[in-house]
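>>> whatever this is, show me its structure:
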Amino acid sequence: MKKSVLLLCLMFVFPVRVRAWEACGTDGQGNTANCEYEIKNGTLTIRGTGDEGNIGYWWSSAEGNYKAPWGKQQFKNVVIEDSIKDLGSYGFVGVSSVNPIQIPTSIDKITYASFQQVTTPEVIIPSTVTHIEGVAFFDANIQRLNIPDSVTSMDRAFRASPFTDIVIPDSVEIIPDKAFSQIKNLQSITVGENTILGSIFQKSGNDEFTTDISQLKIYCTGDTSKCDEHLANAGYPELKSIAARTEKINGRTYVYDLNGHRVAVSGQKIIKRIYTVEEAEKISKKNGNTFKLRYK
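Next up is the predicted model:
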């Protein structure tokens, strides 16, 4: 009996603390975000509440800062549950995730500035996404990104992005003005013959510099004369396209010239990486029973 009383007293003095889910709260525009989040064992998990799970709009113009409750924190994982239907804007500014961030299949649009300044090895876009809004990956530190064939329209999603190679699927109907402005290390863009181009390298008013296109390669996955016509109409007659083909391997799109040489990888940042055996077999020259791996 004495032991039971002592144990009960200890429970009141030292209660077991279990962190419950917390409401996302009022966003930067004064609206209630329809979501709740949990931070546990280095993992940020966000799930929707109500009929329309919405992460919220987390830039406060009145205060001049970003207000996401999990903002600018470091995690091992970021999990966005299927109950989220809308990614909102500025929700992941400054967030760092050791592992890739998987966008759930409940999402059909990547919203404005949703992954601005995020740090992660990869943002995995599902085939449910059809539209990518402006500056979605602005100034992000992402090592790789693949755009699925489901995407039919995109705004200035890659303005000031970190990528050296950007592969636009043939499904995209038009690439608007300023889509590729202020990209420091851009080396190649791959497009299809039916994708209409705007003034894609036009400088925005607040850009610090203009994307250098003097050494840029444009790979065309169809009729190069049509790609050249689109480039000329967009104001870039000096850029001539190079015939190429694409192949998908393990969720990434690889670009090859007509001689079979790999010339680009979708959403690639300048890094060294270890290839899987399947990738190595397809993209490297065989040398007996080994593969000579090329790094870029």
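
>>> can you give me the helices for the stretch 151-296 of the chain?
Listed in chain order, the helices of the stretch 151-296 of the chain (DSSP state H, counting those that start in this stretch) span residues 224-233, 277-283.

>>> mean pLDDT lowest where, among those helices?
Of all these, the minimum mean pLDDT falls on helix 277-283 (a mean of 53).

>>> got the domain ranges for this structure?
1-129, 163-296 (automatic domain parsing).

>>> now render the ones you listed as JSON lines, adding distance to Arg144 and mean neighbour count.
All C-beta spots, glycine's among them, are computed from the backbone N, C-alpha and C. Shown next, in JSON lines, are these (distance: least, Cβ to Cβ, whole Å; neighbours: other Cβ atoms under 10 Å):
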{"stretch": "domain 1-129", "distance to Arg144": "5", "mean neighbour count": "17"}
{"stretch": "domain 163-296", "distance to Arg144": "5", "mean neighbour count": "16"}
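
>>> the ones you listed into a markdown table, with extra columns for distance to Gln143?
Listed next are those as a markdown table, based on distance: least, Cβ to Cβ, whole Å:
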| stretch | distance to Gln143 |
| --- | --- |
| domain 1-129 | 5 |
| domain 163-296 | 5 |
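
>>> what about those, which gets the closest to Asp149?
Evaluated with Cβ to Cβ, those place domain 163-296 nearest to Asp149, the distance being 4.6 Å.

>>> about what we covered before: mean pLDDT lowest for which of the domains of the chain?
Across the domains of the chain, domain 163-296 gives the lowest mean pLDDT, at a mean of 84.

>>> just how off-centre is that one within its chain?
How far domain 163-296 lies from its chain's middle: 16 Å, per Cα atoms, centre = their mean, to the nearest Å.

>>> what of stretch 139-158?
Distance, centroid of stretch 139-158 to centroid of chain: 5 Å (Cα atoms, centre = their mean).

>>> quick one: mean pLDDT over it.
pLDDT averaged over stretch 139-158 gives 92.

>>> if the nearest residue to Glu81 once chain neighbours are set aside is in a bridge, with which residues?
Closest residue in space to Glu81, ignoring its immediate chain neighbours: Arg47 at 4.0 Å, by Cβ to Cβ, 6 or more residues apart in numbering. For Arg47, the beta-bridge partners are Glu36 (DSSP bridges).

>>> Arg47 reaches Gly53, doesn't it?
Yes: counting by Cβ atoms under 8 Å, Gly53 is a contact partner of Arg47 at 6.9 Å.

>>> what is in contact with the two at once?
35, 81, 83-84 (Cβ atoms under 8 Å, 6 or more residues apart in numbering).

>>> now intersect these with the helices, please.
Per DSSP state H, helices hold no members of these.

>>> which one of these is nearest to Pro176?
The closest of the shared contacts of Arg47 and Gly53, once distances to Pro176 are taken by Cβ to Cβ, is Ile84, at 26.7 Å.

>>> could you double-check that that closest one sits in contact with Glu52?
No: using Cβ under 8 Å, Ile84 makes no contact with Glu52, being 9.4 Å away.

>>> tell me the centre residue of the chain?
Val123 (4.4 Å; Cα atoms, centre = their mean).

>>> quick check: that one vs Val172, distance?
Going from Val123 to Val172 by Cβ to Cβ, to the nearest Å gives 17 Å.
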